[in-house]
Each structure stands twice: as C-alpha cells, then as structure tokens.
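Peer 1: Return a 3D structure for these sequence lines:
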Amino acid sequence: MQVQSLLLLLALILLAATTEAGKNKKEKVKKDGSECEDWRWGPCVPNSKDCGVGYREGTCKEESKKLKCKIPCNWKKKFGADCKYKFESWGGCSPQTGVKTRSGVLKKALYNAQCEEIVYVTKPCSSKIKSKSKGQ
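Peer 2: Below you'll find the model as predicted:
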C-alpha cells in the first residue's frame, strides 16, 4: 500500500511540475510579443530615392517597432503607397485642355494611413487615332 501511495504522490509531483513548465513557456512568448493593440504606423520610408525597400515605424504607448516595407517604383506617389483605390475607366478627351480624367474611390487604407476618399487623375490625350479598318 505504501508503494502505491508513493507512486501516486510521485505522479502528482511530476504532473504539477510539467504544468508549471508549460505556463512559463506561454508567459515567455507573451513577453517577447507585444500586448499593445493600438499601434500607430508611419508611412513607408524607402532606404534610397523615392521607391524600393524601406522601413515604417510604429508606436504604441512606450513601445516602438520597425517593419520592412516596399514602395513599388511605378506607384502613383501623389496618393501614397498605403492608399489603395479602385479606378473607373478613362473619360473622353477634353478638346479645351487636351487631357482625359478618371476618378478613384478609396478601397483600402493600410497602416492607419490618412487617405482621401476620392482622387482624380489626368493624363494627356493620345495623338494617335485608332482605326478599326484593319483587314479591308
């Protein structure tokens, strides 16, 4: 009977020790990560020139982080790389100004970016006249 009691006691001690070890690992993971949920992110700042790989800085209370980011070199710099728009088709060419216009509606603002709801872009009208009389 004493042997069984001793084995039961030993099993309980081992169970308690492994439970404590599991708790310590979970706490350690939490300390390495951030518990803060209200991060404020700045714009992506390229390492050189005005496009390519760079970093964005974020702050939350007294914490700060840097994340890698990338601004494509063909991006419309006027809107910022963190503002994503859905553009409609190009309008007709204005004979007075020689440009055509289209608008874009904000689809997504990344990293709490301050984006305009609607943006307008223009481009010069093409001087080429497309003909549909091919193959005649």
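Peer 1: Work out for me the element the residue lying closest to residue 88 once chain neighbours are set aside sits within.
Peer 2: Of all residues not flanking residue 88 in the chain, residue 102 sits nearest, at 5.5 Å (CB to CB, 6 or more residues apart in numbering). C-beta here means a position set from N, CA and C on the backbone, and glycine is covered the same way. Per DSSP states H and E, residue 102 falls inside strand 99-109.
Peer 1: After that strand, which helix or strand is next? Please name it.
Peer 2: Downstream of strand 99-109, the next assigned helix or strand under DSSP H and E is strand 118-124.
Peer 1: so that following strand versus strand 99-109, what angle?
Peer 2: 150 degrees (axes from the mean of the first three to the mean of the last three CA atoms, to 10 degrees).
Peer 1: Counting by contacts, list what strand 118-124 packs against.
Peer 2: Contact analysis of strand 118-124 by 3 or more CB pairs under 8 Å, 6 or more residues apart in numbering; DSSP states H and E lists strand 99-109 as its packing neighbours.
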